[in-house]
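Undergrad: below are the sequence and a predicted model for it; my questions follow.
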Amino acid sequence: MNSFKAYLIEGSADAVRSGFTTLDSSQLDPGDVVVRISHASVNYKDALAATGKGKILRRASCIGGIDFDMRGVMDVGRASDRDGKLPGGPRCIGTPDVRATAVHALLQSVIRQPVDTVTVVAELTWRYRDGSHAQVPIRTLREVPGFSGRDQRVPEAFGISLASQAFGFQGETLSAPRLPNPQPGRAVRAICLAIPDDAEPLSVFALTLDAAAPQPFVGKPAIAAPVPRNHH
């Protein structure tokens, strides 16, 4: 992997230094997949960590940015691929300890021949922190186009912009499905993508979690006791 630019936050809760630097793959945390990130969101916790205003840094160094709002490219190949051009088998991305209702994906699928029936081209697996999991299919004519003139239900399919040509894609079509979480009440550990052996590779440009709304407080209503009035 080539070197890359990152906003590195170093130090402790008492003394912090931060700034842009150049890193390489040997400095990344262990994981199941490497994603070529082009952009990442930031929030107030990133600012607190980078400036040392808030004592929230729990490790010697970290790269600033929100884990569950990423912009980059992840290539997913079939499990049977053995030529080394694409990573085979499921590709997983760890998530923060959150509950989510869905994930918004930005995808590019390879369809060599027009498909006029609903066909599973990939499968997304929600992995939860309690050890369970749930699967959601990614299908032609529903989540990705089949290019047969029946793609009216495919959400927000559009052509790649000039800015995206930096990744080497031209004249392609992207789709942006919202993939629901079948178990929104369970904390998510990771999101995994896999390709059936009879399907073509898939490129993932972005994954953004829809955080679940906090549960409303349920309890006994507070009833104020009447205040007696003084009589003269």
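TA: Thanks, I have the structure now.

Undergrad: domain parsing for this structure?
TA: Per automatic domain parsing, the structural domains of the chain span 1-66, 69-212.

Undergrad: return the most buried member of those domains.
TA: domain 69-212 (a mean of 16; mean count of other Cβ atoms under 10 Å). Heads up, the C-betas are built off the backbone N, CA and C, glycines and all.

Undergrad: state the mean pLDDT of it.
TA: Averaged over domain 69-212, pLDDT sits at 79.

Undergrad: with stretch 4-24 instead?
TA: In the prediction, stretch 4-24 has an average pLDDT of 82.

Undergrad: neighbouring contacts of that stretch?
TA: Residues outside stretch 4-24 that contact it (Cβ atoms under 8 Å, 6 or more residues apart in numbering) are 1-3, 49-52, 55-57, 60-65.

Undergrad: same thing with stretch 184-191?
TA: 32, 92-95, 97-101, 103, 124-130, 132, 181, 207, 209, 212.

Undergrad: CA-only coordinates of it in PDB, if you can.
TA: Extracted in PDB, the C-alpha atoms of stretch 184-191 (Å, rounded to 0.1, in the frame of the first residue of the first chain):
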ATOM      1  CA  PRO A 184     -32.000  -2.100  15.000                       C
ATOM      2  CA  GLY A 185     -32.200  -2.600  18.800                       C
ATOM      3  CA  ARG A 186     -28.900  -4.500  18.800                       C
ATOM      4  CA  ALA A 187     -25.500  -2.800  18.900                       C
ATOM      5  CA  VAL A 188     -23.600  -3.300  15.700                       C
ATOM      6  CA  ARG A 189     -20.000  -4.700  15.700                       C
ATOM      7  CA  ALA A 190     -19.300  -4.800  11.900                       C
ATOM      8  CA  ILE A 191     -20.800  -4.600   8.400                       C
END
